[in-house]
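Student: Below are the sequence and a predicted model; questions follow.
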Amino acid sequence: MPTETKMFHLPDTMATWPWPRVINPHFEEVKAASDGWFRSLKAFSPKSQKSFERADLSRFGALAYPHASKEHLRTGCDLIYVGFVVDEYTDIENAEVTREMIEIAIDALNNPHKPRPEGEVILGEVVRQFWALAIKTASPTSQRHFVKHFTDYLHGVLTQSADRDVGLCRGIEDYLVVRRDNIGAQAAFVCLHLGVDFEDDVYYHPVIVELSGYVADMVLVDNDMCSYNREQATGDENHNLITAVMRELNIDLDSAMAWAANYHVELQHKFISGLKRVPSWGPTIDKHMQEYLDGMAYWARGNATWCFESERYFGKKGPEIQKTRMVPLLPKVWVNPELHRDEVVVADIEL
C-alpha cells in the first residue's frame, strides 16, 4: 500500500498587506536583456541554467521593483541573478572556500573596471559586470550604500557557510541576526533609490532604519517559509527560520509555520504604524522618501508573489498552492557532496 503524502499548511502572510501585486511595465524588455546577460556568463551547466529560467528571476525583479525606471529595473533584475549565483555557489562549499569566493566578490565590487584574473571562479566576473553597468545610472550616495550593504550580505553568507560546516542550527533570535544580513534585502532596497541622493543623516535616520528592518524581516520570513520544503528535502534546513522555531519551541511544522506567520503580522503592524513617525526633510526629500518606503512595501509583496509565480519552490503547482495553502512535504533527496564550483547543480522541484 503506498504511503500517504504528508501535507503541511502554508499560511497566507500577505492576505491583508495594503500594497497590491504590481508588475513593472518594462518587464518584457528588461527580462530579455537581463536573461541574455546571465546566459552569456555561462555560470552553470545547461541543465542548471534551465532551472534558473524556470525560476524566472527577472519576473522577481519586475514584481519587486514595479515602479522602477527601465535602467534601474535592469539593475534590480541583475542583482537578483547575482544573489542567486552567490547562494548556489557557496551552498556547496565549506567556509574556507566560501571565504575565498566572498573576497573575490568584494574585490570585484570595489574594482568594477579591473579585469578579473584568468582562471578565477566566475563569481568575480558576475559581480564585476553587474556593478560596472549599475553605477552608470546610480547616484553617488546610493553607490556607497549599496557597497556597504552588499558587503554585509556577503559576510552573512560566509557566516552561514561556517554554521553549515559544523551543523549548527541557531536559536530564533541568533538566527534572525545572521539571516538579516544574508537575505540581502538591504542591498536590494538600495535599488529603490538609485536615482536619488539620500545623505546619510536621512538614509540612516533611526526611524528609516527601523522601518527597513521590519520589511527585511518580512522578506526573510516569507522566503524561509516558502523555501523550507526544498531545503529540508536537500538536507539544508538548518539555516531556516522554520527549523529554528521547531527546535527551540519544540513544536511541529504546522505550528512553526503559524508562529512565523504571526511574527510576520507583527512586523506588518510595526511598519505601518511606524510610517507615522517618519520625519520631514522638506518637500523634495519627503517625496523621494515616500517613494522609497512604498518601494520597500512593494518589494515585500513582490517577493511573496514571486514564490508562487515561479517554479523555484513549488514547481508548476505554485498557483494552486497559493490558493489552497496546502503543500506536499517533499521526500529527502541525495545531493552529491563532492560537487564544487562549475559542477553546481540547481535542483528542480516536483511536487
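Tutor: Done, it's in. Numbering: from 1, shown residues only.
Student: quick one: buried residues of the helix or strand bottoming out on mean pLDDT in the chain?
Tutor: Each helix and strand of the chain was given a mean pLDDT (mean pLDDT, DSSP states H and E); the minimum falls on helix 46-55 at a mean of 83. Buried positions in helix 46-55, judged by neighbour count with 16 or more other Cβ atoms under 10 Å: 48, 51-52, 55. Yep, even glycine has a C-beta here, placed from its N, CA and C like the rest.
Student: And the helix or strand following that helix, what does it pack against?
Tutor: From helix 46-55 onward toward the C-terminus, using DSSP states H and E, the following helix or strand is helix 57-64. For helix 57-64, the packing partners by 3 or more Cβ pairs under 8 Å, 6 or more residues apart in numbering; DSSP states H and E come out as helix 27-41, helix 70-91, helix 283-309.
Student: 10 Å instead?
Tutor: Here helix 57-64 is seen to pack against helix 27-41, helix 70-91, helix 185-190, helix 283-309 when contacts are counted using 3 or more Cβ pairs under 10 Å, 6 or more residues apart in numbering; DSSP states H and E.
Student: Okay, angle between that helix and helix 283-309 too, please.
Tutor: Computed by axes from the mean of the first three to the mean of the last three Cα atoms, to 10 degrees, the angle separating helix 57-64 from helix 283-309 equals 140 degrees.
Student: Just the CA trace of helix 57-64, in PDB.
Tutor: Extracted C-alpha coordinates of helix 57-64, given in PDB (Å, rounded to 0.1, in the frame of the first residue of the first chain):
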ATOM      1  CA  LEU A  57      14.300  35.600 -11.700                       C
ATOM      2  CA  SER A  58      13.600  38.600 -14.000                       C
ATOM      3  CA  ARG A  59       9.900  38.300 -13.000                       C
ATOM      4  CA  PHE A  60      11.000  38.500  -9.400                       C
ATOM      5  CA  GLY A  61      12.700  41.800 -10.300                       C
ATOM      6  CA  ALA A  62       9.700  43.200 -12.100                       C
ATOM      7  CA  LEU A  63       7.400  42.300  -9.200                       C
ATOM      8  CA  ALA A  64       9.900  43.700  -6.600                       C
END
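Student: That one versus helix 70-91: what angle between them?
Tutor: Helix 57-64 and helix 70-91 meet at an angle of 120 degrees, taking the same axes, to 10 degrees as the criterion.
Student: Report the distance from helix 57-64 to the chain centre.
Tutor: For helix 57-64, the distance between its averaged C-alpha position and the chain's averaged C-alpha position is 11 Å (Cα atoms, centre = their mean, to the nearest Å).
Student: The chain should start at 18 in everything you say after this.
Tutor: With 18 as the first residue, the last one maps to helix 74-81.
Student: quick check: mean pLDDT across that helix?
Tutor: The average pLDDT within helix 74-81 is 97.
Student: Tell me where the stretch 18-167 of the chain is predicted with low confidence.
Tutor: Low-confidence segments of the stretch 18-167 of the chain, defined by pLDDT under 70, are located at 18-21.
Student: all strands for this structure, in order.
Tutor: All strands of the chain, identified by DSSP state E, fall at 24-26, 343-345.
Student: Same list, these, but as JSON lines with distance to residue 57 and mean neighbour count please.
Tutor: Shown next, in JSON lines, are those (distance: least, Cβ to Cβ, whole Å; neighbours: other Cβ atoms under 10 Å):
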{"stretch": "strand 24-26", "distance to residue 57": "40", "mean neighbour count": "15"}
{"stretch": "strand 343-345", "distance to residue 57": "35", "mean neighbour count": "16"}
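Student: ranges for the helices of the stretch 168-317 of the chain?
Tutor: Along the stretch 168-317 of the chain, the segments classed as helices by DSSP state H, counting those that start in this stretch run 189-199, 202-207, 217-220, 223-250, 258-266, 270-291, 300-326.
Student: what's near enough to touch the most centrally placed residue in the chain?
Tutor: Averaging the C-alpha coordinates of the chain gives a centre point, and the residue nearest to it by Cα atoms, centre = their mean is residue 200 (5.2 Å). Contacts here follow Cβ atoms under 10 Å, 6 or more residues apart in numbering; on that basis residue 200 touches 100, 170, 173, 193, 233-234, 236-238, 240-241, 320.
Student: if we go to 6 Å?
Tutor: Counting by Cβ atoms under 6 Å, 6 or more residues apart in numbering, residue 200 touches residue 237.
Student: what do you get for the one 10 residues further on?
Tutor: Residues in contact with residue 210 (Cβ under 6 Å, 6+ apart) are 159, 309.
Student: From residue 85, how far off is it?
Tutor: The gap separating residue 210 from residue 85 is 10 Å, by Cβ to Cβ, to the nearest Å.
Student: Next: residue 206.
Tutor: Using Cβ to Cβ, we find residue 206 at a distance of 12 Å from residue 85.
Student: Same question for residue 264.
Tutor: Here residue 264 is placed at a distance of 39 Å from residue 85 (Cβ to Cβ).
Student: got it, and residue 187?
Tutor: When Cβ to Cβ is applied, the distance between residue 187 and residue 85 equals 34 Å.
Student: quick one: which of the two has more around it?
Tutor: Neighbour comparison, residue 187 and residue 85: the larger count goes to residue 85, with 24 against 21 (by other Cβ atoms under 10 Å).
Student: buried ones in stretch 194-210?
Tutor: The neighbour-count check on stretch 194-210 (16+ other Cβ under 10 Å) flags 195-210 as buried.
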